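> when you get a sec, could you give me coordinates for this:
(2 chains)
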Amino acid sequence: MTARTNDEFNDILAQLRLGAEQRYGSVRVSEIDDQLQHLAKMISHIRAESLGLRDEIPLVPGSDPRGEM
Amino acid sequence: MTISPATSAIDIISGHRERRFTVTETARAFLRHIERYDDRIQAFVTINAEQVLEDAAWLDQSADRGRFFPLHGLPVGIKDIIDVAGLPTIAGFEPYRASVAERDAAIVAALRGLGALILGKTHTTQFAVGDPAPTRNPWNLEKSPAGSSAGSGAAVAAAMAPITLGSQTAGSMLRPAAFNGVVGFKPSYGWCSMQGVLPLCWSLDSLGLYAASVDDVLLVCLALTGSEPSTTPREAGNLRVALLREFLEMSDENVSAHVRDVACALEEAGATVIEIAMPVNFDLVFAVHQTIFAAEMAAVHSSNLDQFRSSYGPRIATAVDSGRLIPGSDLIHAQRLRRQVQREFEALMEQWDALLLPTVSTEACDIDETGDRRFQIPATLLGSPAISLPTGLSENRLPLGTQLIGRRGDDHSLLSTAQFVSDHLPTIGRPDLDTLF
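Alright, predicted model coming up:
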């Protein structure tokens, strides 16, 4: 993990923990913390890779001229 | 001639058509076999024997009148997230135990229309996620049959059904195939209607088939899709297979050595096998899948979890509670990346007939886990057809599976390749159930 993605990971994890605490309470946060860390790792990867996406994918269904999906 | 539960699907149907044995005799043979062994293996969760025998009698009366169906009297087990009229769809979730389905799911109705004999429902992990089912591995009762289609994989391995239906949203078709030593086929995404199937993730869910051989899988797939069998078998000289390096490096030593042996056997048979790197970093493939998986699962289960929290297993409850915290913008980016990954793989697949990799990184794990799902995820995310073949036994006499991934929408070509592969490798046979007791 680079320093940048490490910062991103910590930021995402903090946000997930905060959301979990507001929604479920602190006891549940500790119960699901392994999964929150897993998701934070996945999301930090998604954010890093999405920066490099060159093709913009139309978000309106059926509007993709390549006819995909 | 008498029917044995180990008889292939092809031979069972031909036996019925040629009147060598009746569908009722077949039904009784399988029900007896299940009764004898399933208290320890627990592949089936619900069977209505009276209904099975009634359906069998109807098929025999039909044969008496000279009317035969393509899958005449073929016993089929159904994963318990798929509706079968008159039986509950429990999905490993106690509040659903009394929820009897009023009609068959579309795939079950299609099977019945082709003359299949629906035996009953097979155990699944709760809602096809990660909390283990009660099923045991027929090769070793202390080992996991994997999940989520635990009962369907174990039922075929233990000869309790020649064909079963399973489903895959991460690795739930292929991994039980590998751990139980059977053929597991996950067709291309969208190959059949999902009506009457409990969803887990709408953009990832796919149904699939288990059987003891590729030939049996092909028979049922051709019947379900109304396709004609190919008259030109796969020729070795034309077969190009890419061995994916990353998965060998991520596997246990015995697993990677085994799949390299499989690759050598294919080369000796005349196929071209070349080791390559994935066109996309595996960590990205995994991250995209896990983000979409968690968000869609949360969407499916959120309100149900709030209503029935105490009945949910700890793993799925944790996954749903965390999945509903995923920001919408990250889900959108994951979907964009999914399409990029699909394009990269489609370009790669123009050069190859199939990708070759281990089905799972390890042999069957201990009973309290369902195994490593990573290697089955690429085919799920891509929506590509994939098949796990039982290609060997480990030193611990546990099955090892080899996975082939084909081009999306070209399922018959992948099955043809799988036939070639299985024809050039020794079979592993079946577990000896009597030594387990």
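> looking at the most far-flung residue of chain B relative to its centre now. What's its pLDDT?
Summary for chain B: using CA atoms, centre = their mean, the residue whose C-alpha lies farthest from the chain's mean C-alpha position is residue B:65, with a distance of 35.3 Å. On pLDDT, residue B:65 comes in at 98.
> what's the distance between it and residue B:52?
From residue B:65 over to residue B:52 the distance is 21 Å, taken as CB to CB, to the nearest Å. In short, each C-beta sits where N, CA and C put it, glycine included.
> sticking with residue B:402, tell me its helix or strand.
Secondary structure assignment for residue B:402, by DSSP states H and E: strand B:399-405.
> got a list of contacts for the longest helix anywhere in chain A?
Using DSSP state H to assign secondary structure, the helix with the most residues in chain A is helix A:3-24. Under the criterion CB atoms under 8 Å, 6 or more residues apart in numbering or on different chains, residues A:1, A:28-29, A:32-33, A:36-37, A:39-41, A:43-45, A:47-48, B:321-322, B:325, B:327 lie in contact with helix A:3-24.
> which residues does the residue nearest to the spatial centre of chain B contact?
Central residue of chain B (CA atoms, centre = their mean): residue B:173, 3.2 Å from the mean position. Each residue near residue B:173 by CB under 8 Å, 6+ apart is listed here: B:149, B:166-167, B:184-186, B:206, B:208, B:210, B:376, B:388.
> tell me the one of these nearest chain A?
When the contacts of residue B:173 are compared for distance to chain A (CB to the nearest CB), residue B:206 wins out at 15.7 Å.
> what about the closest one, distance to residue B:172?
When distances are taken as CB to CB, residue B:206 and residue B:172 turn out to be 9 Å apart.
> and if you look at residue B:14?
Distance from residue B:14 to residue B:172, counting by CB to CB: 31 Å.
> between those two, which is the more surrounded one?
For the pair residue B:14 and residue B:172, the greater number of neighbours falls to residue B:172 (34 against 13), based on other CB atoms under 10 Å in any protein chain shown.
> hmm, that one is touching residue B:152, no?
No: because the distance of 9.4 Å does not satisfy CB atoms under 8 Å, residue B:172 is recorded as not touching residue B:152.
> immediately after the helix ranked longest in chain B, which helix or strand?
If you go by DSSP H, chain B has its longest helix at helix B:282-307. The C-terminal neighbour of helix B:282-307 among helices and strands, as given by DSSP H and E, is helix B:314-323.
> so the helix or strand just after that following helix versus helix B:314-323, what angle?
Per DSSP H and E, the first helix or strand lying C-terminal to helix B:314-323 is helix B:328-349. Using axes from the mean of the first three to the mean of the last three CA atoms, to 10 degrees, the direction of helix B:328-349 lies 110 degrees away from that of helix B:314-323.
> tell me which other helices or strands helix B:328-349 touches.
In this structure, helix B:328-349 makes packing contacts with helix A:33-50, helix B:282-307, helix B:377-382, judged by 3 or more CB pairs under 8 Å, 6 or more residues apart in numbering or on different chains; DSSP states H and E.
> residues in contact with the next helix or strand after it?
The element immediately downstream of helix B:328-349 (helix or strand, assigned by DSSP H and E) is strand B:354-358. Residues outside strand B:354-358 that contact it (CB under 8 Å, 6+ apart) are B:241-244, B:247-248, B:251, B:255-256, B:258-259, B:262-263, B:266, B:273, B:348-349, B:375, B:400-406, B:414, B:417.
> what average pLDDT does the longest helix of chain B get?
Rounded to a whole number, the mean pLDDT of helix B:282-307 is 98.
> does that helix reach chain A?
Yes: when contact is scored as CB under 8 Å from any CB of the partner chain, part of helix B:282-307 falls within range of chain A: B:283-284, B:286-288, B:290-291, B:294.
> show the buried residues in these.
When the residues of helix B:282-307 next to chain A are checked for burial by 16 or more other CB atoms under 10 Å in any protein chain shown, the buried set is B:284, B:286-288, B:290-291, B:294.
> what sits against residue B:100?
Applying CB under 8 Å, 6+ apart to residue B:100 gives the contacts B:86-88.
> any weak-confidence spans in the chain?
Reading this off chain A. A:1-4, A:54-69 (pLDDT under 70).
> please go with chain B instead
Within chain B, the stretches falling below the threshold (pLDDT under 70) are B:1, B:230-233, B:437.
> what residues does it have near chain A?
Counting by CB under 8 Å from any CB, the positions of chain B adjacent to chain A are B:283-284, B:286-288, B:290-291, B:294, B:318-319, B:321-323, B:325-327, B:330, B:332-337, B:339-340, B:342-343.
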